Structures are given as C-alpha cells and as structure tokens.
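In: Dropping the sequence and predicted coords here.
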Amino acid sequence: MDLVVPQLSSTMETARVIRWLKKPGDSVRTGEPLVEVETDKSAIDVESPADGVLSEVLVHEGENVAVGGSLGRLRTPDGAPGPTTATGASSTPVVAIAAEPKMPAKTEVPSAAMDERIKSSPLARRLAAEAGIDLKTVRGTGPNARIRKRDLVRAMPPSDRQAASTARGGSSSAVRPLSTMRARIAETVSASRKIIPSFSLDRWVETTQLAAARASIAVGRNGERITVTDMLLQAVADSLAKMPSMLDRWFEGAPHPSVTTSGTVDIGLVVALENGLLVPTLSDLANQSLTHIARVRRQAVERARVGHLSAADHAPTSIALSNLGKSGADRFEAIINPGQSSILAVGREHERALAGGGKVYAASGVNLTLSADHRLIDGKLGADFLGLLAQRIEHGSWRID
Amino acid sequence: MTTQEMTYREAIVTALQEEMRRDARTLIMGEDIGPSGGPFKTCQGLYEEFGGQRVRDTPIAETGFVGAALGLALTGFRPIVEIMFADFLGVCFDQIVNSIAKHRFMSGGQVAVPLVIRAIGGAGQRFGPQHSTTAESWFLSVPGLTIACPSTPADAYGMLKFAIRADNPVLLLEHKALLGTKGPVAVGRDELVPLDGARVVRRGRDATIVASLAMVGRALGAAHLLSTDGIEVEIIDLRVLRTMNLECVFESVRRTNLLVTVEEQAQLGGWGAEVVTQVVHEAFDYLDAPPERICLPEYPVPYSPPLEDGVIPSAERIAAAVRSLLKD
C-alpha cells in the first residue's frame, strides 16, 4: 500500500522528507515511526498505518512531496506492494499520521480548493517537463505562489541544477537561505498585508483583579500552574461565546468569497520560538476551567517548542492571542494570520495613574490591541468585543477547576 | 568615407547636406529652417548652400506645408519636412494619416510618395505639456508609414539618409534631449545602412530591457547601477517602430527569461504593448514572469521642472523594476 502524505493544515501543500527512520526491507509495526517530514509549520513523524515491510522509498531525504503524494510503499501480509489499485483495505490511500491525538486533519475547505490550478511561469512549466518534475511537488515563491525557475532549480537534484540555472546568481557568501519556518512566516505576513484590509482598536484594561485572583489560585487541580495567558484565554473564550460573529472566518471560495465558522470556540496562541513563531490552535475552550486551559496550553506550547505540532494544532480558528505581557512593548499591533479574522495583542503589564471618584490612584493594566479584518468585522463589532473582553477581565469571575 | 565623432544634431545636418548634394530633387521645408538654420539648428548651413528654393521657411501652418510636400512628392520631388516640435504633428495629422500614408495604396501602386517627415520630440527640456511629446504611439496603427526613432548620432545620420532615398513615406521621430549627445558616425558613405529593426546595445544575461530614444540612455544607466550588484541586463534599442522587427528581442528573452519595456509615453496604446504581445507569442515558454512596462503617467508632461524630472523614467526606477522582477 502507498504511504500517503496527510494534509495537516489548510495551508500545507508539500512536505519535505527530513529522515527515513526505516530502510527498505525493514519490518515495521502499526504505529511505529517510519519517516520524519517537515511541513510548512513543523516537523512530524509519520507512523506506519499497518504491520508489514517497508518495500520501497519513493521520496528521498531532502526531497519534496505534495500532499496526497506517495512517500513510499509498504508490503503488508494481506496485500501486494503495488500501487493503490490493490484490493481490500489497501485500496484506500492510508493517512499515516503520527501526530497526537490520532485523528485525520480537519477538512477546512471544500475539496475544490484541493486540486486548485498550480500557478507557474511558462518557463517553469517547460523546465519541469524537461526534467520530469511534477509541479505539484514544487513550492512556488513568486507572486500568488507562482512557481518560477528558481523554485524548480531548488527542487532538482544538485547534478541537474547547473544545466537549468545558467549564469544567473553568483551570490556572495553573505547570502543565506531562509529556514522553512522563516520563509513561511515571510510568506504569511506578506500575504496578510497584501490581502487583509485590517484595522486596529486599542483598549487599556486594568489587571488588578486578575492579578489578585491569580495570586489566590496559584495552581489548579493536578498541580497545573495557571498563567496570565490562561486567564486571558478564558476571558477571550467567554467573550467569543457571547459574541459568536467574532468566530466567523473569511473563506476565499470560488466563484464568490464566503463566510465560514467551525461553531466552536477555538483560539490560536502565538508561541514565540528561537527562530520564529508558531500558532497552535487551542480547540473548544468554551466554558472550560483554567486548569483545563492551562493543560491544553502547556501541551501545545511544548509541542511547538520541539517543532512537532499535531494535526489538531493546525485546526482553523478565527482569532489568535499574542501575549507579550512579559516583554518590553507597551502595545503592539499584530498581523492577522491569513484564514483568521482577528488577532489580539497584549502589551507589557504596567502601572498607570487613573482618576476616579475625584481621586487619582495607581493601577496595573495592559494594552489590548485587536487587529481585525474589516471584510468581516466592522469598527462597532470590534469595539463591542474589546469592551466585553475588558469587562470580563476587570470584573468577571474565574472558573478554576 | 571616414568615421567622425559628432553630435546627434551634427549628424542630422550632415545627412541632409550629403543627400541634398547627391540629389537635386531633394528639398526641405519647415518653420525657421532657412537663414536661421532651424530652431534646434538641425538645418544649419543648408540655406546658405542650397538657397531659398530648396530650403524654404514656411508659415506656422503644418497642414499647408505638409500637404504641399505630398504634392511635391507626387510630382517628382523628394521633399523633407521638419516639424519643429513633434507635438505639432497633431496639426497635420489628417495629411499624414489620410493622404500621405494612403496615396500609394489608393492609386493602386501608380504613385510613390518619397517623403520624409522629421519631427523633434521628447521631454526633459522644460518645454511644457504641448512641446514635449515623443509622439511615438500616435502613428503606430497607420499602415503605409515607416516610423524610425534614432537614439544615437549614427542612427540619426543613417536613418535619415535611408528615409530620404526611400520611395515611401518615412516618419523620423528625433529627440531633442539627444541633440547634444556625441558618438561615432561613418560619414560620406554612399551605400545605405538598412533600417533593419531592434538592435542589442548592451549584452546581459539577467533581464532584457527594450527602450527607444532617450530611454535607451536611461536603460543603460540602470544597467550600470545593476551591474554593481552583479545583475547584468541586456539593453535593446527598438529603433524602428513601424515595421517593428523584434527578432533580437525574442532571442534575448529566450536567454534572460525576463522582459522590461521603457517608453517615454503613457502606457495605454504604447509600443511596449506590441513588444510584449509579440514576445509572449514568440517566446512564451521562456518567460519566467509577466513582462514589466515602465511608462509615463496618464497625464501630460508637466511644465514644473521637478515634476517633469519626476515623471520621466529614471535609471533608478528602471533598476528597481528589474530588481523586483528578479526577486518577486
């Protein structure tokens, strides 16, 4: 049976094989890691979908393969090592996912988008035909992800590159290639700035009550340490539940764009890493306790830190939270992830002089900056959401366990 | 025959002198081209040498003297007319488009129209909106006209001699910003240089830039800027607008895979559109990005010097377009 590359996120188009953990001829058991692949967001172990023998490696280390393409073939006791035309269970392409929890990737977009036309320059098409390269396996770096000559040259085995790339280049040693994550971030933020007509709204919220509550909670059940981020997540989740239109997402469908929603309260969390950032989705946070949120958040952050996000981490969401409360910025405006409709940026916690009841007093707080996609969120909706959220943070009660 | 270093203006004067000496049927008409030698001195010395019969000052009435030139051409002469500013081609548009370009066809080939119209155009000289056009796009769609654009003294000389001896009407679009530029010219030759089409003026491997008239120099400036970054662009002088011959452009794009056109005119209806069309047709499988066009804005050339300098494509702007084509 074929070992098929699963689609792990809405933006994933290809995967690069980092390392084969098994050689052809090796026996493997169901669930045993076969190969390590790198997607646009993270590195993932692909597990064997069945007991058998790895009969063939089709995509070698360092090579790219499109979603749905075959990584290799597995000979199982009840089936031949042929292509997916074999009978029985092996006739269905097996989604070999190592990620936890064990579930297929959520289908976010209608299937029409999956076989979307590949954009490529005429030159790239000709070179691909000459080199026998399937354009589906090449990631385009031109405008609209158009595949250009340079992308093909990159996808070619080193021995073929000289022929295709004429004299162009000759770059100096100071030029370094981008890491996959850096390239992905560059592409994502550029696309966001080009596509999304965003605007931002500010609100300063007092965190005195939040800080006091946190001091009294300290740890939840099972010793789960509760952070300010967890409390902000609960506050955002509660506000989203009350204002479900903030859960809407823009969907660039053909022939007309439309609005979609998962219906559940999911929040992306921006996790800063040494060389970039990842935004795992924390799913189904409606009405959840701080203990639950803290556990879900901790596990997602751990997965992000080691670069092994699960399929569920890539679930679509409408909103993301970026908390820089412990850093140096008073406020900042975050860039909306394409596919999402807003992002909440939390600035440095600081004291401010406030006036109330004829007196001036000091209070701690943070700036909340909501960047919103105006195609879906008007100023009033965004402002109402911020108002609701501020009310929740300043005066709401916290569900601990 | 000797090769001399001379200005674009001197090259025009020399070509006129040589051809008027060679053939007594040639004569020239235009505004202030007589004893004063022409507003841009492109007819200097002609009146003194050939007299008022063959070098004739005209009233400010282009329709009249261009129409009269057609009559002369139809009756055995080889007239040359100078249009002081290419913008004034608008005044005699009807004579050119409806009469001069059509007579040979309408007579079933019975008459030839050996007529040369020289028009001095172009921006950058502080002449304002009504005296700064190159008029390149105005006559592109007129069958029967040959249109040439010299960007060097050698072409100013060679193209004019070719035009004077041609039996069909030729429109020569000269550029006033180029009048003082110097270059080698092989003068005193009797054989003609054929009006063969676009020509490579600088070799490069990374992108192809097609330009005309003063934009050739700007493109060469851009090539110099890019060269310091290791980017080598190929520059092609379009030279002949009608009939356009782009063989060397196709060959170039097949090597560089990228095309940029630079025109001193607004984009809509400019010759760049035709260059792009033909390249897409002839070198489609070699293009690695959509061709880029650099043009003037969709408004007239401003009189204000800073604004005028701002609208004319600069070497920096051309270089930036190439960089973005290579990067995006």
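Out: Everything's here; your move. Because the structure is a prediction, the values reported are computed rather than measured. Residues are numbered from 1 along each chain as shown, chains lettered A, B, ... in the order given.

In: Quick check: which element contains A:Cys34?
Out: Slight slip there: residue A:34 is Leu, not Cys. strand A:33-38 (DSSP states H and E).

In: Hmm, B:Val116 is touching B:Glu82, no?
Out: No - the pair B:Val116 / B:Glu82 is not scored as a contact, 9.3 Å apart, by Cβ atoms under 8 Å. C-beta coordinates here come from the backbone N, C-alpha and C atoms, glycine included.

In: can you list the domains in the chain?
Out: In the absence of a named chain, chain A is used. A:2-95, A:117-166, A:197-395 (automatic domain parsing).

In: please go with chain B instead
Out: B:2-187, B:199-327.

In: Any chance you could list what contacts the strand holding A:Leu34?
Out: With Cβ atoms under 8 Å, 6 or more residues apart in numbering or on different chains as the test, strand A:33-38 has contacts from A:3, A:5, A:15-22, A:28, A:43-48, A:54, A:71-72, A:96, A:98, A:180.

In: pLDDT wise, what is the closest residue to chain B within the stretch 201-350 of chain A at?
Out: Ranking the residues of the stretch 201-350 of chain A by distance to chain B (Cβ to the nearest Cβ) places A:Pro338 first, at 18.2 Å. pLDDT, A:Pro338: 91.

In: swap in the one 5 residues further on?
Out: The pLDDT attached to A:Ile343 in the predicted structure is 98.

In: Just the residues contacting the host helix or strand of it, thanks.
Out: Under the criterion DSSP H and E, the helix or strand holding A:Ile343 is strand A:342-346. Outside strand A:342-346, the residues that touch it by Cβ under 8 Å, 6+ apart are A:232, A:236, A:246, A:268, A:270, A:318-325, A:331-337, A:366-373, A:377, A:382, A:389.

In: which of those count as buried?
Out: A:232, A:236, A:246, A:268, A:270, A:318-325, A:331-332, A:334-337, A:366-373, A:377, A:382, A:389 (16 or more other Cβ atoms under 10 Å in any protein chain shown).

In: Show me where the stretch 251-400 of chain A has its helices.
Out: A:290-305, A:379-395 (DSSP state H, counting those that start in this stretch).

In: Looking at the stretch 1-150 of chain B, what residue ends up closest to chain A?
Out: B:Leu140 (26.5 Å).

In: Show the backbone phi and psi for that residue.
Out: phi -60, psi -40 (degrees, to the nearest 10).

In: Report the separation between it and B:Val97.
Out: When distance is defined by Cβ to Cβ, to the nearest Å, B:Leu140 is 11 Å away from B:Val97.

In: who does whichever strand or helix holds B:Glu316 touch, helix- and strand-wise?
Out: Taking DSSP H and E as the criterion, B:Glu316 maps to helix B:315-327. If you count contacts as 3 or more Cβ pairs under 8 Å, 6 or more residues apart in numbering or on different chains; DSSP states H and E, helix B:315-327 packs onto strand B:207-211, helix B:214-227, strand B:259-266, strand B:292-296.

In: That helix vs helix B:214-227, what angle?
Out: Interaxial angle, helix B:315-327 versus helix B:214-227 (axes from the mean of the first three to the mean of the last three Cα atoms, to 10 degrees): 60 degrees.

In: Rounded mean pLDDT for helix B:315-327, please.
Out: On average, helix B:315-327 scores 95.

In: swap in stretch A:231-244?
Out: 96.

In: Over to stretch A:149-158?
Out: 84.

In: try stretch B:14-22
Out: Rounded mean pLDDT across stretch B:14-22 is 97.

In: doesn't B:Leu226 make contact with B:Glu232?
Out: Yes - at 7.3 Å, B:Glu232 counts as touching B:Leu226 under the criterion of Cβ under 8 Å.

In: Compare neighbour counts for those two and give me the winner.
Out: Between B:Glu232 and B:Leu226, counted using other Cβ atoms under 10 Å in any protein chain shown, the more crowded position is B:Leu226 (23 against 18).

In: Tell me how many other residues surround the nearest residue to that one once chain neighbours are set aside.
Out: The shortest distance from B:Leu226 to any non-neighbouring residue, by Cβ to Cβ, 6 or more residues apart in numbering or on different chains, is to B:Ala319 (5.2 Å). Number of residues near B:Ala319 (other Cβ under 10 Å) recorded here: 24.
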